[in-house]
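Visitor: Next come a sequence and a model predicted from it.
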Amino acid sequence: MAATIKKASKDLVDEVRRWASMKQTGVSLRYMTEFGSRPTPRNLLISAQFLHKELPIRVARRAVELESLPYGLSLKPAVLKVRDWYLESFRDIRSFPEIKDNNDELDFTQMIKMVKVRHNNVVPMMALGVQQLKKDLNPKIVYEDLDEIHQFLDRFYMSRIGIRMLIGQHVALHDPDPPPDCVGYIHTKMSPVEVARNASEDARSICLREYGSAPDINIYGDPKFTFPYVPTHLHLMVFELVKNSLRAVQEQYMDSDEVAPPVRIIVADGLEDVSDEGGGIARSGLSKIFTYLYSTAKNPLDDQSDVDPETVTTMAGYGYGLPISRLYARYFGGDLQIISMEGYGTDAYLHLSRLGDSQEPLP
C-alpha cells in the first residue's frame, strides 16, 4: 500500500473500514428546506449532531473504495493524494468530541468548513489520476470497456456532491443576513431563466476569451416562473451545456462567411432545453459523452509531463463537464439527456425535479 496508509495507524484503517460498513442516511431537498427555514440554535445543534454521525460514514466509504480501484488506479500519485484528504477528513470528524451545546456546534461548523476547503480540488485531482492511468494503459483498450472505473467515478462524484451539499447547507444556515427567499444553499423561489442568463453570460465570456468571438445566446421562458432548487447546481449544469454548445458552433463556423447561428435555451415548466447548430456529435461519439475517459478537447497532460497536482484547476479537456452535470441533475431526482443529429446540431434536455421529495441517491 502507499506510504501514507503505512503511516496511518492500523487503528485508523480499522476504524475507517468499520464506519464504511455503516448505513448512510439520505436527505431530501424538501426536508432540507423545511428544516433550515428555522435555523434556531436548537436546529443547528440537531443538524451538527446528524453530520457528526453521517459524514464519517460517507467519507469512510469513499476512502475504502479509493484503495481498491482496478488497473492500478489506486496507486497513481493524484489518487493517493485524494485518498489522503479523505483519511484526514475522517480523522478530523471522528476525533471531534460529542456535540453537546452551541459552542461545540460552532467549533464543529468551523472544522467541517475546513474539511470542505480541503476537498475543493478533488475533481481535477481525480481527473489527473485518470489521465495518469490513461498514459499507462494499452492504447488499444476501448475506454467504454473500463466500465468499473466509470461506475466508481459516478459513485464517487455523486457522494462528493452529497457531502458538499450537507456541509455547505449547514454552514450557510449560520449566515446572519441570508438573501431573501434563501434557506442555506436552497433558493425557495429560484428563477431558472435568471440562472440560465447568468450561466450563459459566464460561458460566453469564456468563449470570447478563447476564440475572440462567440455566438449569440437566445433564452426563451418566463423569468417569473420559479421553484425551490439550488441555484449553484443549476448554474453549473447550464454553464457546462452552453459552453459545449458555444464551442461546437464556434468551431463549426470559424472559417465560414456565414453568421454563426445562436445557441437556444428554452425553459419550460420543469425542463430546460439547450440546443445548438454546431454540427452535432458523430453517432460513434455519442456513447462516449458521459464517460470520464473521453474529451474532445486536448488532454491537459499532453503539454506538461509532470503537472503539479496542487496547481491543477483547469477543467476543459478533462471531459468531466457532462458526466458531472448529469450527476448534479440526478442528485435531486432530475436527469440530463443529450440527443444529437449528426451534421446539424445537438439538443440537451435537462429535467429538474420540482417537488424536491426525492431522497439523495446514496452510492
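Guide: Alright, I've got the coordinates.

Visitor: Find the least confident helix or strand in the chain, judged by mean pLDDT.
Guide: helix 3-7 (a mean of 49; mean pLDDT, DSSP states H and E).

Visitor: Now the helix or strand following that one: average pLDDT?
Guide: Going down the chain from helix 3-7, the next helix or strand is helix 10-20, by DSSP states H and E. For helix 10-20, mean pLDDT is 93.

Visitor: Let me see the confidence value for the residue of the chain most remote from its centre.
Guide: Relative to the centre of the chain, the most outlying C-alpha is that of Asp257, 38.3 Å out, by C-alpha atoms, centre = their mean. Listed pLDDT for Asp257 reads 83.

Visitor: Assign a three-state SS to it, would you?
Guide: When classified by DSSP: H, G, I helix; E, B strand; the rest coil, Asp257 comes out as coil.

Visitor: Could you pull up the residues touching it?
Guide: Asp257 makes no contacts at all, as judged by C-beta atoms under 8 Å, 6 or more residues apart in numbering. For glycine as for every other residue, the C-beta is placed from the backbone atoms N, C-alpha and C.

Visitor: Correct me if wrong: Leu73 contacts Asp136.
Guide: No - using C-beta atoms under 8 Å, Leu73 is not in contact with Asp136; the gap is 9.8 Å.

Visitor: and these two? which has more neighbours close in?
Guide: Leu73 (22 against 10; other C-beta atoms under 10 Å).

Visitor: Backbone dihedrals for Asp177, please?
Guide: phi -130, psi 70 (degrees, to the nearest 10).

Visitor: ok, now Pro192?
Guide: Dihedral pair for Pro192: phi -60, psi -30, per degrees, to the nearest 10.

Visitor: measure it to Thr226 for me?
Guide: Here Pro192 is placed at a distance of 8 Å from Thr226 (C-beta to C-beta, to the nearest Å).

Visitor: okay, now Asn138: neighbour count?
Guide: Neighbours of Asn138 under the rule other C-beta under 10 Å: 5.

Visitor: ignore the last one, Lys189
Guide: Residues near Lys189, counting by other C-beta under 10 Å, number 13.

Visitor: what does the host helix or strand of Glu210 rub up against?
Guide: Using DSSP H and E, Glu210 sits in helix 192-211. Residues outside helix 192-211 that contact it (C-beta under 8 Å, 6+ apart) are 213-215, 217, 219, 221-223, 225-227, 229, 231, 234-236, 238-239, 242-243, 246-247, 250, 254, 263, 265, 267, 272, 352.

Visitor: Just those: which are in helices?
Guide: Pro231, Leu234, His235, Leu236, Val238, Phe239, Val242, Lys243, Leu246, Arg247, Gln250 (DSSP state H).

Visitor: Can you flag the buried ones in those residues?
Guide: Among these, the ones that count as buried by 16 or more other C-beta atoms under 10 Å are Pro231, Leu234, His235, Leu236, Val238, Phe239, Val242, Lys243, Leu246, Arg247, Gln250.

Visitor: can I get the residues you listed in a markdown table with pLDDT and distance to Arg18?
Guide: Output for those, formatted as a markdown table (pLDDT from 0 to 100; distance: C-beta to C-beta, whole Å):
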| residue | pLDDT | distance to Arg18 |
| --- | --- | --- |
| Pro231 | 94 | 38 |
| Leu234 | 94 | 38 |
| His235 | 94 | 38 |
| Leu236 | 92 | 34 |
| Val238 | 93 | 41 |
| Phe239 | 93 | 40 |
| Val242 | 92 | 45 |
| Lys243 | 91 | 43 |
| Leu246 | 91 | 48 |
| Arg247 | 88 | 47 |
| Gln250 | 88 | 52 |
